[in-house]
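*Asks:* Compute the structure for the input listed below.
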Amino acid sequence: MIGGFEVPDTGSVIINGQDVTNVPPFHRDVNTVFQSYALFPHLSVFENVAYPLRIRRLRTAEIRDRVGAMLERVNLSDKANRYPHELSGGQRQRVALGRALINEPAVLLLDEPLSALDAKLRRSMQMELRRMHTELGLTFVCVTHDQEEALVMSDRIAVLESGQIAQIGTPEKVFEAPANRFVADFIGGCNFLPVVARPGGTLALTDPGQEGRGANHATLAVRPTSLRLGAAPDPVAFSATGRVKDVVYLGSLLRVMVQLSPQVEAAVEVDRDAARELSLHNGSLATLWARREDISLFERGERGQRVCL
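*Replies:* A predicted model of the protein is given here:
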């Protein structure tokens with residue numbers, strides 16, 4: 001819709017204060033980096049990046065200077081005469097970026113631009129996109145299903161649920177204070193535990209089958225990295241005891257699966273030294289707990305809204 005390929009049923013599309021709702025795509029100051037990059041296979045890196053300028057019939061000298069500067073910006077000066085099939089995935093992605101940015105559009109649309117890259121290269125390109133965004137000062141609108149990518153690259157995140165904006169805000173706001181259970185699950189991989197509020201403001205685990213019986217029943221959301229193992233301080237917002245079901249090696253961390261009841265389990269991520277001190281193994285008793293600032297509460301149900309503690 002921003003690019004002009006769809007027309008809104010209601011409302012307007014405003015870019016730099018100008019209503020472009022009825023402006024065709026080829027007259028909008030918007031460029032797109034497609035998921036497949038859509039490079040011209042018969043053109044060199046230089047000619048791929050130069051293509052938008054040639055369409056505008058700029059002078060040869062100006063094209064040479066601007067493309068040279070852009071290739072330097074995307075670290076491809078030494079690949080100017082290569083063809084797309086001679087490049088790595090990351091290099092092809094940078095060619096697509098250079099081509100989209102050569103006209104310095106008001107808005108750059110990115111359609112899952114890093115999805116075809118391996119994990120290491122994807123993280124590198126996330127930082128590269130952040131750098132370019134800062135240097136150029138343009139508006140980037142990036143569509144992604146990768147939560148880490150959204151948190152790393154964005155100034156503001158809009159989480160969509162069934163075509164509607166479920167929440168919009170800074171990465172910190174969306175991550176730390178999700179508006180509903182859907183956002184919490186999408187952005188952070190939380191544990192969702194049925195709880196009941198007790199006198200004094202603490203929360204206790206309850207049977208999932210009893211979750212709907214009373215206004216004081218809710219769903220607690222807490223991330224594996226925010227749960228602690230070991231003796232809980234007093235008072236503490238939430239604590240529960242169960243048996244270790246599995247311990248999974250994640251490199252610098254261990255993921256400990258704790259069975260809290262026949263129907264409820266929780267994942268806790270701890271560093272290896274802490275796990276060693278606790279002597280964690282399958283079948284051992286484990287107490288887990290969380291501080292008030294590390295948990296969120298939602299109404300009952302799959303799409304429960306955030307409620308106050």
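*Asks:* Quick check: buried residues in the longest helix seen in the chain?
*Replies:* What stands out as the longest helix in the chain, according to DSSP state H, is helix 119-136. Residues of helix 119-136 classed as buried: 121-122, 125-126, 128-129, 132-133 (neighbour count, 16 or more other CB atoms under 10 Å). To be clear about C-beta, it is placed using only N, CA and C from the backbone, and glycine gets the same treatment.
*Asks:* Give the helix, strand or coil label for residue 31.
*Replies:* strand (DSSP: H, G, I helix; E, B strand; the rest coil).
*Asks:* Let's see the lowest-mean-pLDDT helix or strand in the chain as PDB, backbone CA atoms only.
*Replies:* Lowest by mean pLDDT, DSSP states H and E among the helices and strands of the chain is helix 272-278, with a mean of 79. What follows is helix 272-278 as a C-alpha-only set of coordinates in PDB (Å, rounded to 0.1, in the frame of the first residue of the first chain):
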ATOM      1  CA  ARG A 272      26.500 -23.200  32.900                       C
ATOM      2  CA  ASP A 273      28.200 -22.200  36.100                       C
ATOM      3  CA  ALA A 274      24.900 -21.500  37.900                       C
ATOM      4  CA  ALA A 275      23.500 -24.800  36.600                       C
ATOM      5  CA  ARG A 276      26.600 -26.600  37.900                       C
ATOM      6  CA  GLU A 277      26.200 -25.100  41.300                       C
ATOM      7  CA  LEU A 278      22.600 -26.300  41.400                       C
END
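*Asks:* If you count contacts, what does that helix end up packed against?
*Replies:* If you count contacts as 3 or more CB pairs under 8 Å, 6 or more residues apart in numbering; DSSP states H and E, helix 272-278 packs onto strand 228-229, strand 253-261.
*Asks:* Could you look up the SS state of residue 204?
*Replies:* Look at residue 204: counting by three-state DSSP, its state is strand.
*Asks:* I'd assumed residue 216 was in contact with it.
*Replies:* No: in this structure, residue 204 is not within contact of residue 216 by CB atoms under 8 Å, at 10.3 Å.
*Asks:* closest to residue 240 out of the helices and strands packed on helix 272-278?
*Replies:* Nearest to residue 240 among these is strand 253-261 (5.1 Å), distances taken as CB to CB.
*Asks:* Now that closest one: buried residues?
*Replies:* Applying a neighbour-count criterion of 16+ other CB under 10 Å, the buried positions in strand 253-261 are 253-260.
*Asks:* closest to residue 18 among the residues you listed?
*Replies:* Checking the buried residues of strand 253-261 against residue 18 by CB to CB gives residue 253 as the nearest, at 49.2 Å.
*Asks:* tell me which element the spatially closest residue to the closest one that is not a sequence neighbour falls in.
*Replies:* Distances taken as CB to CB, 6 or more residues apart in numbering place residue 269 nearest to residue 253, at 4.9 Å, with adjacent residues excluded. Element membership for residue 269, per DSSP states H and E: strand 264-271.
*Asks:* where exactly do the helices run in the stretch 51-200 of the chain?
*Replies:* Under the criterion DSSP state H, counting those that start in this stretch, the stretch 51-200 of the chain contains helices at 60-73, 89-101, 119-136, 147-153, 171-176, 181-188.
*Asks:* which of those has the lowest average pLDDT?
*Replies:* Of all the helices of the stretch 51-200 of the chain, helix 119-136 carries the lowest average pLDDT, namely a mean of 87.
*Asks:* how about the CA coordinates for that one, as PDB?
*Replies:* The C-alpha trace of helix 119-136 is given here as PDB (Å, rounded to 0.1, in the frame of the first residue of the first chain):
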ATOM      1  CA  ALA A 119      22.500 -16.900  10.700                       C
ATOM      2  CA  LYS A 120      26.000 -15.400  10.900                       C
ATOM      3  CA  LEU A 121      25.600 -13.300   7.800                       C
ATOM      4  CA  ARG A 122      22.100 -12.300   8.800                       C
ATOM      5  CA  ARG A 123      23.400 -10.800  12.100                       C
ATOM      6  CA  SER A 124      26.200  -9.000  10.200                       C
ATOM      7  CA  MET A 125      23.700  -7.500   7.700                       C
ATOM      8  CA  GLN A 126      21.400  -6.400  10.500                       C
ATOM      9  CA  MET A 127      24.100  -4.100  11.800                       C
ATOM     10  CA  GLU A 128      25.000  -3.000   8.200                       C
ATOM     11  CA  LEU A 129      21.400  -1.900   7.600                       C
ATOM     12  CA  ARG A 130      21.300  -0.100  11.000                       C
ATOM     13  CA  ARG A 131      24.500   1.800   9.900                       C
ATOM     14  CA  MET A 132      23.200   2.700   6.500                       C
ATOM     15  CA  HIS A 133      19.900   3.900   8.000                       C
ATOM     16  CA  THR A 134      21.700   6.100  10.400                       C
ATOM     17  CA  GLU A 135      24.100   7.500   7.800                       C
ATOM     18  CA  LEU A 136      21.400   8.200   5.100                       C
END
